[in-house]
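> The following block contains a protein sequence and its predicted model.
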Amino acid sequence: MSAAGSTDAAPLSPLVEGAALGELPEWARAGKKRRAHMGRVAALMREWAEALALPERDVKRWTATGWLHDVLREADPEELRPGVPLLFRPLPGKLLHGPAAAVRLKDDLDPEMCEAIRFHTLGSPRFGKLGRALYLADFLEPGRTFDPEYTGSLRARMPGDMDAIFREVVRLRWKHITGKGGTAHPETQALYEQVESEA
C-alpha cells in the first residue's frame, strides 16, 4: 500500500482544484441526488484527510476524488462500454462508471486518484490509502440506507482504525456478492484474498 500522501509535488490540474471545491466538469452525468451523494463522500474524504494531518495539497486530492468518483454514474452504460479497457467491458452496466471516469480523467488526475476512481466499486489489491478511503467513504457515507447504526459506528472509528474497518467492509461486501451466488470480478477476488492474508 502506498503512502498516504502524493509523491508528486506538481501543481494540481484546474479540474482537480475545481473538484476540490465541488465543481464538476461540464461533461458530468450526475443528477441532483447523485451529486448530493458525491458531496457527502467528498466531505468524509476531506474530514479524514484533515484528521490524518495530510498536507493541504493531499486534502484537495482526497476531496476532489470524492467528488469525481461518480462523475459518469448516470451516463448510458452502453455508451461507456466501448471506451473502457477490455478487462472492464463484461461488467454489469452499473459498474462501468468508475473505469469510464478514470479514462476520461486520466490527463487531469494523478495515477493514485485514477486508480481509486477506477476501482471504487470493485476494490483493488493495489489501493493506496486514498483508494481505501474512497472505497470506505462510498460505502459509509451517511446518506446510505444500509444499517445506519452499524455504518455510523464504523464512521466513528475513522480514520484512526482505517485498516481494520477496510478489512471488515471488504469481507462484508464479499459475503454479499458470493452469498447471492454471484461471481466476483477478479480484482474483487484479489482484494478479498489480500485482506484475508493480512488478518
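On my side now, so go ahead. Numbering: from 1, shown residues only.
> so where's the longest helix in this protein?
Ranked by number of residues, the top helix in the chain under DSSP state H is helix 32-51.
> Show me which residues of that helix are buried.
Going by neighbour count (16 or more other C-beta atoms under 10 Å), the buried part of helix 32-51 is 35, 37-38, 40-49. From N, CA and C alone the C-beta is placed, and that goes for glycine too.
> how far does that helix sit from the chain's center?
Taking the mean of its C-alpha atoms, helix 32-51 sits 11 Å from the chain's own mean (C-alpha atoms, centre = their mean, to the nearest Å).
> For that helix, name the packing helices and strands.
helix 56-68, helix 129-140 (3 or more C-beta pairs under 8 Å, 6 or more residues apart in numbering; DSSP states H and E).
> Now tell me what touches the helix or strand just after the first one from outside.
Remark: after helix 56-68, the chain's next helix or strand is helix 77-80, criterion DSSP states H and E. Outside helix 77-80, the residues that touch it by C-beta atoms under 8 Å, 6 or more residues apart in numbering are Leu72, Gly93, Lys94, Leu96, His97, Ala100.
> Try it again at 6 Å.
Identification of contacts with helix 77-80 by C-beta atoms under 6 Å, 6 or more residues apart in numbering yields Gly93, Leu96, Ala100.
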